[in-house]
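[1] Please work out how this folds:
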Amino acid sequence: MLFLAPKNPTPQLLAFLTALQASLPALVGLFLLKLIFPSLLSWWLLLPAFLIFLGTGYYASHRALRKFIYNKVKLIYKSIHSLKAPKSSKPLNIDMRNHIIDRVEKEVTEWAKDWTQEIRYLKKMEQYRREFIDNVSHELKTPIFNMQGYLYTLADGGLEDEMIRDKYLQRAIDNVERIAEIVQELNQISKFESSAVELEMQSFDIQELAQEVVESMEISAEKKQIDLRFKETAKKPYIVQADREMIRQVLVNLVSNSIKYGRPKGHTLIGFYDLDQNVLIEISDTGKGIAQEHLPRLFERFYRVDKGRSRHEGGTGLGLSIVKHIVEAHQQTINVRSRLGVGSTFGFTLAKYKG
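    This next block holds a predicted model:
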(Lines give C-alpha, C1' and ligand atoms only; values in the text may rest on other atoms or scores of the structure.)
Protein backbone atom coordinates (compact mmCIF):
# COMPACT_ATOMS: atom_id res chain seq x y z
CA MET A 1 0.00 0.00 0.00
CA LEU A 2 2.93 2.33 0.63
CA PHE A 3 3.52 2.59 -3.10
CA LEU A 4 0.20 4.48 -3.24
CA ALA A 5 1.59 7.21 -0.98
CA PRO A 6 2.35 10.58 -2.65
CA LYS A 7 5.69 12.30 -2.28
CA ASN A 8 6.22 13.49 1.30
CA PRO A 9 2.93 12.16 2.80
CA THR A 10 1.53 13.44 6.10
CA PRO A 11 2.14 11.31 9.23
CA GLN A 12 -1.57 10.36 9.29
CA LEU A 13 -1.62 9.10 5.70
CA LEU A 14 1.67 7.27 6.11
CA ALA A 15 0.43 5.58 9.33
CA PHE A 16 -2.85 4.58 7.67
CA LEU A 17 -1.16 3.06 4.63
CA THR A 18 1.32 1.21 6.84
CA ALA A 19 -1.51 -0.16 9.02
CA LEU A 20 -3.55 -1.11 5.95
CA GLN A 21 -0.59 -2.93 4.44
CA ALA A 22 -0.07 -4.87 7.69
CA SER A 23 -3.81 -5.61 8.19
CA LEU A 24 -4.61 -6.99 4.75
CA PRO A 25 -2.49 -10.17 5.19
CA ALA A 26 -4.21 -10.69 8.56
CA LEU A 27 -7.61 -10.36 6.88
CA VAL A 28 -6.61 -12.82 4.18
CA GLY A 29 -5.37 -15.22 6.89
CA LEU A 30 -8.68 -15.01 8.78
CA PHE A 31 -10.55 -15.54 5.53
CA LEU A 32 -8.58 -18.70 4.72
CA LEU A 33 -8.96 -19.92 8.30
CA LYS A 34 -12.73 -19.51 7.96
CA LEU A 35 -12.73 -21.51 4.72
CA ILE A 36 -10.62 -24.32 6.22
CA PHE A 37 -12.36 -24.38 9.60
CA PRO A 38 -15.91 -23.05 9.01
CA SER A 39 -17.04 -23.70 12.58
CA LEU A 40 -14.09 -21.93 14.18
CA LEU A 41 -15.01 -18.38 13.15
CA SER A 42 -18.25 -16.68 12.07
CA TRP A 43 -18.28 -14.41 8.99
CA TRP A 44 -19.56 -11.37 10.90
CA LEU A 45 -16.44 -11.33 13.09
CA LEU A 46 -14.09 -10.82 10.10
CA LEU A 47 -14.89 -7.13 9.65
CA PRO A 48 -14.45 -6.17 13.38
CA ALA A 49 -11.23 -8.17 13.50
CA PHE A 50 -9.91 -6.37 10.42
CA LEU A 51 -10.87 -2.99 11.88
CA ILE A 52 -9.13 -3.86 15.16
CA PHE A 53 -5.95 -4.81 13.26
CA LEU A 54 -6.20 -1.63 11.18
CA GLY A 55 -6.86 0.64 14.20
CA THR A 56 -4.09 -0.90 16.29
CA GLY A 57 -1.65 -0.72 13.40
CA TYR A 58 -2.59 2.89 12.68
CA TYR A 59 -2.12 3.92 16.33
CA ALA A 60 1.25 2.15 16.65
CA SER A 61 2.55 3.45 13.31
CA HIS A 62 1.40 7.00 13.92
CA ARG A 63 2.93 7.08 17.39
CA ALA A 64 6.23 5.66 16.13
CA LEU A 65 6.35 8.14 13.24
CA ARG A 66 5.68 11.11 15.48
CA LYS A 67 8.13 10.02 18.17
CA PHE A 68 11.08 8.83 16.10
CA ILE A 69 10.81 10.69 12.81
CA TYR A 70 8.50 13.68 12.65
CA ASN A 71 9.45 15.15 16.01
CA LYS A 72 13.07 15.12 14.86
CA VAL A 73 12.09 16.63 11.51
CA LYS A 74 10.07 19.24 13.41
CA LEU A 75 13.13 20.08 15.53
CA ILE A 76 15.32 20.42 12.41
CA TYR A 77 12.71 22.63 10.77
CA LYS A 78 12.48 24.87 13.83
CA SER A 79 16.29 25.15 13.97
CA ILE A 80 16.50 26.13 10.29
CA HIS A 81 13.64 28.59 10.65
CA SER A 82 15.21 30.22 13.71
CA LEU A 83 18.49 30.67 11.78
CA LYS A 84 16.72 32.25 8.82
CA ALA A 85 14.20 34.39 10.68
CA PRO A 86 15.09 37.65 12.46
CA LYS A 87 15.54 37.36 16.23
CA SER A 88 12.52 39.55 16.83
CA SER A 89 10.14 37.23 14.97
CA LYS A 90 7.62 35.10 16.88
CA PRO A 91 8.32 31.40 17.64
CA LEU A 92 7.19 29.07 14.87
CA ASN A 93 4.10 26.89 15.48
CA ILE A 94 4.06 23.70 13.42
CA ASP A 95 0.89 21.74 12.68
CA MET A 96 1.84 18.10 12.17
CA ARG A 97 -1.25 17.56 10.03
CA ASN A 98 0.31 19.68 7.31
CA HIS A 99 2.97 18.55 4.84
CA ILE A 100 5.90 19.29 7.09
CA ILE A 101 8.37 17.31 4.94
CA ASP A 102 7.53 19.50 1.95
CA ARG A 103 8.09 22.61 4.04
CA VAL A 104 11.37 21.27 5.43
CA GLU A 105 12.58 20.38 1.94
CA LYS A 106 11.71 23.86 0.66
CA GLU A 107 13.26 25.60 3.67
CA VAL A 108 16.47 23.54 3.46
CA THR A 109 16.78 24.22 -0.28
CA GLU A 110 16.32 27.98 0.22
CA TRP A 111 18.62 27.97 3.23
CA ALA A 112 21.36 26.11 1.31
CA LYS A 113 20.99 28.50 -1.63
CA ASP A 114 21.24 31.57 0.61
CA TRP A 115 24.28 30.25 2.42
CA THR A 116 25.97 29.22 -0.81
CA GLN A 117 25.61 32.80 -2.05
CA GLU A 118 26.81 34.13 1.30
CA ILE A 119 29.86 31.84 1.29
CA ARG A 120 30.67 32.82 -2.30
CA TYR A 121 30.41 36.50 -1.37
CA LEU A 122 32.61 36.05 1.74
CA LYS A 123 35.24 34.18 -0.28
CA LYS A 124 35.25 37.00 -2.81
CA MET A 125 35.61 39.58 -0.03
CA GLU A 126 38.42 37.57 1.55
CA GLN A 127 40.25 37.45 -1.77
CA TYR A 128 39.64 41.18 -2.18
CA ARG A 129 40.97 41.83 1.36
CA ARG A 130 44.15 39.84 0.69
CA GLU A 131 44.76 41.65 -2.58
CA PHE A 132 44.13 44.99 -0.91
CA ILE A 133 46.66 44.30 1.88
CA ASP A 134 49.23 43.07 -0.66
CA ASN A 135 48.70 46.18 -2.79
CA VAL A 136 48.92 48.60 0.15
CA SER A 137 52.07 46.86 1.35
CA HIS A 138 53.60 46.99 -2.12
CA GLU A 139 52.69 50.63 -2.76
CA LEU A 140 54.14 51.77 0.59
CA LYS A 141 57.16 49.50 0.50
CA THR A 142 58.83 51.13 -2.50
CA PRO A 143 58.90 54.76 -1.25
CA ILE A 144 59.80 53.63 2.29
CA PHE A 145 62.78 51.56 1.08
CA ASN A 146 63.85 54.38 -1.27
CA MET A 147 63.69 56.92 1.56
CA GLN A 148 65.57 54.54 3.84
CA GLY A 149 68.36 54.19 1.30
CA TYR A 150 68.73 57.95 0.82
CA LEU A 151 68.80 58.65 4.57
CA TYR A 152 71.38 55.88 5.26
CA THR A 153 73.57 57.28 2.51
CA LEU A 154 73.35 60.76 4.02
CA ALA A 155 74.07 59.41 7.50
CA ASP A 156 77.13 57.54 6.20
CA GLY A 157 78.79 60.71 5.08
CA GLY A 158 76.65 61.95 2.24
CA LEU A 159 75.80 65.07 4.20
CA GLU A 160 79.37 66.26 3.71
CA ASP A 161 78.94 66.33 -0.06
CA GLU A 162 76.70 69.25 -0.94
CA MET A 163 75.57 67.83 -4.28
CA ILE A 164 74.66 64.39 -2.83
CA ARG A 165 73.03 65.99 0.20
CA ASP A 166 70.67 68.22 -1.81
CA LYS A 167 69.80 65.52 -4.35
CA TYR A 168 69.13 62.76 -1.79
CA LEU A 169 67.21 65.05 0.55
CA GLN A 170 64.96 66.07 -2.34
CA ARG A 171 64.42 62.40 -3.29
CA ALA A 172 63.62 61.53 0.32
CA ILE A 173 61.10 64.39 0.39
CA ASP A 174 59.53 63.17 -2.86
CA ASN A 175 59.03 59.70 -1.37
CA VAL A 176 57.56 61.12 1.84
CA GLU A 177 55.11 63.10 -0.27
CA ARG A 178 54.20 59.96 -2.21
CA ILE A 179 53.45 58.09 1.05
CA ALA A 180 51.41 61.05 2.30
CA GLU A 181 49.46 61.11 -0.99
CA ILE A 182 48.63 57.38 -0.76
CA VAL A 183 47.50 57.71 2.88
CA GLN A 184 45.42 60.79 2.09
CA GLU A 185 43.67 59.09 -0.85
CA LEU A 186 43.05 55.91 1.17
CA ASN A 187 41.52 58.06 3.88
CA GLN A 188 39.29 59.75 1.30
CA ILE A 189 38.10 56.38 -0.06
CA SER A 190 37.46 55.15 3.48
CA LYS A 191 35.25 58.19 4.12
CA PHE A 192 33.26 57.51 0.97
CA GLU A 193 32.81 53.85 1.87
CA SER A 194 31.59 54.74 5.36
CA SER A 195 29.26 57.43 3.93
CA ALA A 196 31.11 60.06 5.98
CA VAL A 197 31.42 62.47 3.07
CA GLU A 198 28.83 65.24 2.80
CA LEU A 199 28.43 66.76 -0.63
CA GLU A 200 28.06 70.52 -1.00
CA MET A 201 25.54 70.55 -3.81
CA GLN A 202 25.24 73.63 -5.99
CA SER A 203 24.39 74.56 -9.56
CA PHE A 204 27.27 75.41 -11.90
CA ASP A 205 28.39 75.25 -15.51
CA ILE A 206 30.32 72.00 -16.00
CA GLN A 207 31.77 73.33 -19.29
CA GLU A 208 33.29 76.29 -17.42
CA LEU A 209 34.74 74.00 -14.74
CA ALA A 210 36.23 71.70 -17.39
CA GLN A 211 37.81 74.76 -19.06
CA GLU A 212 39.51 75.66 -15.74
CA VAL A 213 40.84 72.09 -15.40
CA VAL A 214 42.17 72.07 -18.96
CA GLU A 215 43.96 75.39 -18.43
CA SER A 216 45.59 74.08 -15.23
CA MET A 217 46.99 71.10 -17.16
CA GLU A 218 48.20 72.77 -20.29
CA ILE A 219 51.86 72.62 -19.19
CA SER A 220 51.68 68.86 -18.52
CA ALA A 221 49.98 68.34 -21.87
CA GLU A 222 52.55 70.41 -23.74
CA LYS A 223 55.38 68.34 -22.23
CA LYS A 224 53.86 65.25 -23.88
CA GLN A 225 52.76 67.17 -26.96
CA ILE A 226 49.14 66.26 -26.30
CA ASP A 227 46.45 68.55 -27.63
CA LEU A 228 43.71 69.26 -25.06
CA ARG A 229 40.50 70.43 -26.69
CA PHE A 230 36.71 70.34 -26.50
CA LYS A 231 34.31 68.71 -28.92
CA GLU A 232 31.83 70.78 -30.90
CA THR A 233 29.11 69.74 -28.45
CA ALA A 234 30.97 71.47 -25.61
CA LYS A 235 30.67 75.07 -26.81
CA LYS A 236 27.60 75.95 -24.78
CA PRO A 237 26.88 76.00 -21.01
CA TYR A 238 25.68 72.82 -19.30
CA ILE A 239 24.31 73.67 -15.87
CA VAL A 240 24.46 70.73 -13.47
CA GLN A 241 23.65 70.15 -9.81
CA ALA A 242 26.66 68.66 -7.98
CA ASP A 243 29.53 69.26 -5.57
CA ARG A 244 31.76 71.53 -7.68
CA GLU A 245 35.09 70.74 -5.97
CA MET A 246 34.42 67.00 -5.99
CA ILE A 247 33.64 67.11 -9.70
CA ARG A 248 36.77 69.18 -10.25
CA GLN A 249 38.72 66.27 -8.72
CA VAL A 250 36.97 63.84 -11.08
CA LEU A 251 37.89 65.95 -14.10
CA VAL A 252 41.46 66.46 -12.89
CA ASN A 253 41.96 62.71 -12.41
CA LEU A 254 40.48 61.76 -15.77
CA VAL A 255 42.21 64.49 -17.80
CA SER A 256 45.47 63.81 -15.94
CA ASN A 257 45.23 60.11 -16.81
CA SER A 258 44.55 60.93 -20.46
CA ILE A 259 47.80 62.91 -20.52
CA LYS A 260 49.84 60.33 -18.56
CA TYR A 261 48.80 57.40 -20.72
CA GLY A 262 48.14 59.29 -23.94
CA ARG A 263 50.28 58.85 -27.02
CA PRO A 264 52.76 61.72 -27.67
CA LYS A 265 51.39 64.11 -30.30
CA GLY A 266 47.95 62.69 -29.64
CA HIS A 267 44.97 64.52 -28.22
CA THR A 268 42.44 64.56 -25.38
CA LEU A 269 38.85 65.43 -26.25
CA ILE A 270 36.22 66.57 -23.76
CA GLY A 271 32.58 66.41 -24.76
CA PHE A 272 29.18 67.08 -23.17
CA TYR A 273 25.86 65.52 -24.15
CA ASP A 274 22.35 66.45 -23.05
CA LEU A 275 20.54 63.29 -21.81
CA ASP A 276 17.25 64.95 -20.80
CA GLN A 277 17.52 64.54 -17.01
CA ASN A 278 21.33 64.30 -16.94
CA VAL A 279 24.42 65.58 -18.68
CA LEU A 280 26.98 63.06 -19.96
CA ILE A 281 30.62 64.18 -19.72
CA GLU A 282 33.17 62.22 -21.77
CA ILE A 283 36.97 62.41 -21.77
CA SER A 284 38.61 60.57 -24.67
CA ASP A 285 42.29 60.00 -25.36
CA THR A 286 44.38 58.54 -28.15
CA GLY A 287 46.53 56.37 -25.88
CA LYS A 288 47.44 52.72 -26.21
CA GLY A 289 44.01 51.60 -25.00
CA ILE A 290 43.03 49.02 -22.37
CA ALA A 291 42.39 45.32 -22.98
CA GLN A 292 38.78 44.27 -22.41
CA GLU A 293 39.67 41.86 -19.57
CA HIS A 294 40.93 44.77 -17.46
CA LEU A 295 37.87 47.01 -17.82
CA PRO A 296 35.63 45.35 -15.14
CA ARG A 297 38.33 45.90 -12.47
CA LEU A 298 39.63 49.25 -13.62
CA PHE A 299 37.96 51.22 -10.80
CA GLU A 300 39.24 48.95 -7.99
CA ARG A 301 41.74 50.32 -5.52
CA PHE A 302 45.36 49.81 -6.66
CA TYR A 303 44.31 47.95 -9.78
CA ARG A 304 46.86 48.63 -12.50
CA VAL A 305 46.70 47.50 -16.10
CA ASP A 306 50.42 47.96 -16.62
CA LYS A 307 51.98 47.90 -13.15
CA GLY A 308 55.50 48.97 -14.11
CA ARG A 309 54.40 51.75 -16.46
CA SER A 310 51.75 53.08 -14.09
CA ARG A 311 54.20 53.44 -11.21
CA HIS A 312 56.72 55.06 -13.52
CA GLU A 313 54.07 57.67 -14.40
CA GLY A 314 53.68 58.43 -10.68
CA GLY A 315 50.11 57.31 -10.08
CA THR A 316 49.04 55.89 -6.72
CA GLY A 317 46.56 53.44 -8.26
CA LEU A 318 43.72 55.09 -6.33
CA GLY A 319 42.66 57.87 -8.69
CA LEU A 320 39.99 55.97 -10.64
CA SER A 321 38.63 54.41 -7.45
CA ILE A 322 38.16 57.91 -5.98
CA VAL A 323 36.53 59.07 -9.22
CA LYS A 324 34.03 56.20 -9.07
CA HIS A 325 33.22 56.91 -5.40
CA ILE A 326 32.63 60.61 -6.11
CA VAL A 327 30.34 59.92 -9.08
CA GLU A 328 28.38 57.27 -7.18
CA ALA A 329 28.04 59.61 -4.18
CA HIS A 330 26.10 61.84 -6.61
CA GLN A 331 23.83 58.84 -7.41
CA GLN A 332 25.25 58.83 -10.95
CA THR A 333 27.24 56.36 -13.04
CA ILE A 334 30.64 56.16 -14.69
CA ASN A 335 31.76 53.86 -17.49
CA VAL A 336 34.74 53.27 -19.74
CA ARG A 337 35.11 52.15 -23.35
CA SER A 338 38.47 51.26 -24.79
CA ARG A 339 40.17 49.66 -27.77
CA LEU A 340 43.79 48.57 -27.84
CA GLY A 341 45.83 50.82 -30.09
CA VAL A 342 42.99 53.33 -30.48
CA GLY A 343 42.40 54.88 -27.06
CA SER A 344 39.96 55.08 -24.16
CA THR A 345 36.84 57.07 -23.33
CA PHE A 346 35.68 57.65 -19.76
CA GLY A 347 32.14 58.95 -19.37
CA PHE A 348 30.11 59.93 -16.32
CA THR A 349 26.76 61.58 -15.79
CA LEU A 350 25.60 64.43 -13.58
CA ALA A 351 22.08 65.59 -12.80
CA LYS A 352 20.99 68.58 -14.83
CA TYR A 353 20.03 71.66 -12.80
CA LYS A 354 16.23 72.04 -12.78
CA GLY A 355 15.92 75.46 -11.18
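
[2] For the host helix or strand of Q117, name the packing helices and strands.
    Per DSSP states H and E: Q117 is located in helix 100-155. In terms of contacts (3 or more Cβ pairs under 8 Å, 6 or more residues apart in numbering; DSSP states H and E), helix 100-155 is packed against helix 71-84, helix 162-193. In short, each C-beta sits where N, CA and C put it, glycine included.

[3] Can you give the contact residues for stretch 250-262?
    Residues from elsewhere that reach stretch 250-262, judged by Cβ atoms under 8 Å, 6 or more residues apart in numbering: 209-210, 213-214, 216-217, 220-221, 224, 226, 228, 268, 270, 281, 283-288, 313-315, 319-320, 322-323, 326-327, 343-344, 346, 348.

[4] Turn the buried ones among these into a named PyMOL selection, would you?
    If you want just the buried ones from those in PyMOL, going by 16 or more other Cβ atoms under 10 Å, the selection is:
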select buried, resi 209+210+213+214+217+221+226+228+268+270+281+283+284+285+286+287+288+315+319+320+322+323+326+327+343+344+346+348
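
[5] Mind checking which of the contacts of stretch 250-262 land in helices?
    With helices taken from DSSP state H, the overlap with the contacts of stretch 250-262 comprises 209-210, 213-214, 216, 220-221, 319-320, 322-323, 326-327.

[6] ok, of the residues you listed, which one's closest to V176?
    V176 lies nearest to G319 out of the ones in helices among the contacts of stretch 250-262, by Cβ to Cβ, at 19.7 Å.

[7] what's the distance between that closest one and N335?
    Per Cβ to Cβ, to the nearest Å, G319 is found 16 Å from N335.

[8] where does the stretch 1-150 of the chain dip in pLDDT?
    1-9, 41, 81, 83-101 (pLDDT under 70).

[9] can you put the helices and strands packed on helix 100-155 in TSV and add distance to Y121?
    Formatted as TSV, the helices and strands packed on helix 100-155 follow (distance: least, Cβ to Cβ, whole Å):
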stretch	distance to Y121
helix 71-84	17
helix 162-193	17
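
[10] and of these, who's closest to Y238?
    Among the helices and strands packed on helix 100-155, helix 162-193 sits nearest to Y238 (Cβ to Cβ), with 24.9 Å.

[11] Helix 100-155 and the closest one, what's the angle between them?
    160 degrees (axes from the mean of the first three to the mean of the last three Cα atoms, to 10 degrees).

[12] the strands in the stretch 201-350 of the chain, which residues?
    Secondary structure of the stretch 201-350 of the chain (DSSP state E, counting those that start in this stretch): strands at 201-205, 227-230, 239-243, 267-275, 278-285, 334-339, 343-351.

[13] ok, the fifth one: who's next to it in the sheet?
    Spelled out, it's strand 278-285. Strand pairing for strand 278-285, determined by DSSP bridges: strand 267-275 (antiparallel), strand 343-351 (antiparallel).

[14] and the last one, what's its mean pLDDT?
    Just to be clear, that refers to strand 343-351. Mean per-residue pLDDT for strand 343-351: 95.

[15] quick one: it to chain centroid distance?
    22 Å (Cα atoms, centre = their mean, to the nearest Å).

[16] what does that strand rub up against?
    Contacts of strand 343-351 (Cβ under 8 Å, 6+ apart): 206, 240-242, 247, 250, 254, 257-258, 261-263, 266, 275, 277-290, 323, 327, 330-338.

[17] Count the residues that sit near the residue lying closest to G355 once chain neighbours are set aside.
    Once flanking residues are discounted, G355 sits nearest to S203: 6.2 Å by Cβ to Cβ, 6 or more residues apart in numbering. Here the number of neighbours of S203 (other Cβ atoms under 10 Å) works out to 14.

[18] how near is S203 to L65?
    The value you get for S203 to L65, if Cβ to Cβ is used, is 73 Å.

[19] now do F230
    For F230 relative to L65 (Cβ to Cβ), the value is 80 Å.
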